[in-house]
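Colleague: Take this sequence and fold it.
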Amino acid sequence: MLIQITAQTILDAWKESLEVIYKEGTPLLEDNIAKNSILVLKINNISGEKENVYSEEFPMSFNDINNINQHLIYGTNGDLVVHEWTKLYRERLVNSEHNQIEEIINYLKKKPFGKRAQASIWRQKDDMYGGIGPCLQVLWFQIVNNKLDMHVHMRASDAYGKLLININEFAALQRYIADQVGYGYGNYYQFIDTCHINHKDISIVENIINKPAI
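Modeller: Numbering: from 1, shown residues only. Here you go, the predicted model:
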């Protein structure tokens with residue numbers, strides 16, 4: 001099952017993803033996953049205002065998301081980060097043998113229309129059977145119409161419990177890089193090989209998508 005969604009804001013993308021995966025996703029035989037889909041997102045507005053990025057229906061707080069964003073970009077608030085994968089992303093994007101984010105910024109300053117502004121995460125030797133395999137695989141950036149677009153490639157994302165923080169942290173990184181290279185904020189694209197709803201969350205997701213609009 002392949003689902004494609006175009007949304008105006010980060011929050012819209014999360015809520016639409018929940019609803020469509022719940023209604024149209026493929027049931028799986030795995031014990032923990034109820035519905036699953038390949039998911040392709042396009043988000044037009046990646047501004048970070050709370051009304052565009054957060055809902056009280058999400059199982060983490062707005063402060064949790066801010067701490068995650070700040071840690072991914074600046075390495076701060078590590079003790080407050082409730083998402084261990086973000087620490088791994090920071091380590092591999094910035095703190096490994098070379099700083100991939102800094103290299104991308106320098107590359108885009110020199111070659112704003114280049115097509116090699118990419119950061120890779122997966123390490124086959126460590127991650128195939130390791131403790132926590134990174135869900136993020138590749139970040140890819142390009143200047144289009146004087147704005148910075150970003151493509152996020154992920155192998156997996158929990159639609160209810162993780163997708164909203166995933167979008168937020170990578171959109172925050174997109175805004176940061178755009179500011180560093182002096183371009184506007186372009187489109188955000190996310191490709192997820194398996195975006196799923198777990199059995200334990202089905203009733204919660206039902207309540208969210210069936211809640212009357214105010």
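
Colleague: Low-confidence regions, this protein specifically.
Modeller: Residue ranges of the chain with pLDDT under 70: 213-214.

Colleague: for it, which helix is longest?
Modeller: With secondary structure taken from DSSP state H, the chain has its longest helix at helix 163-181.

Colleague: how far does it sit from the chain's center?
Modeller: 8 Å (Cα atoms, centre = their mean, to the nearest Å).

Colleague: do the same with stretch 134-143
Modeller: On the basis of Cα atoms, centre = their mean, stretch 134-143 sits 9 Å off its chain's mean C-alpha point.

Colleague: same check, this time on stretch 106-123
Modeller: Once both centres are worked out by Cα atoms, centre = their mean, stretch 106-123 turns out to sit 18 Å from its chain's centre.

Colleague: buried sites along that stretch?
Modeller: 107-108, 117-119, 121-122 (16 or more other Cβ atoms under 10 Å). Where C-beta positions appear, they are placed from N, C-alpha and C, glycine not excepted.

Colleague: just the strands in the protein please.
Modeller: 2-7, 26-27, 33-43, 117-120, 136-144, 147-158, 184-198 (DSSP state E).

Colleague: Can you list the buried residues in the third one?
Modeller: When neighbours are counted by 16+ other Cβ under 10 Å, the buried residues of strand 33-43 are found to be 33-37, 39, 41, 43.

Colleague: Give me the angle between that strand and strand 184-198.
Modeller: For strand 33-43 against strand 184-198, the angle between stretch directions is 170 degrees (axes from the mean of the first three to the mean of the last three Cα atoms, to 10 degrees).

Colleague: quick one on the thing from earlier: going by neighbour count, which residues in the longest helix of the chain are buried?
Modeller: Of the residues in helix 163-181, 163-178, 180-181 count as buried by neighbour count, 16+ other Cβ under 10 Å.

Colleague: Check stretch 182-196 too.
Modeller: 183, 185-188, 190-192, 194-196.

Colleague: Need the CA coordinates for it. CSV is fine.
Modeller: As requested, the backbone C-alpha atoms of stretch 182-196 are provided in CSV (Å, rounded to 0.1, in the frame of the first residue of the first chain):
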residue,chain,number,x,y,z
GLY,A,182,20.7,32.3,3.0
TYR,A,183,17.7,30.9,1.3
GLY,A,184,14.0,30.6,2.1
TYR,A,185,12.2,27.6,3.4
GLY,A,186,11.0,25.4,0.6
ASN,A,187,9.0,22.1,0.4
TYR,A,188,9.6,19.3,2.8
TYR,A,189,9.3,15.8,1.4
GLN,A,190,9.4,12.6,3.5
PHE,A,191,9.5,9.0,2.1
ILE,A,192,8.9,6.2,4.7
ASP,A,193,9.2,2.5,3.7
THR,A,194,6.9,1.4,6.6
CYS,A,195,4.7,3.9,8.4
HIS,A,196,2.6,2.0,10.8
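
Colleague: Work out the gap between it and the centre of the chain.
Modeller: The chain centroid and the centroid of stretch 182-196 are separated by 7 Å under Cα atoms, centre = their mean.
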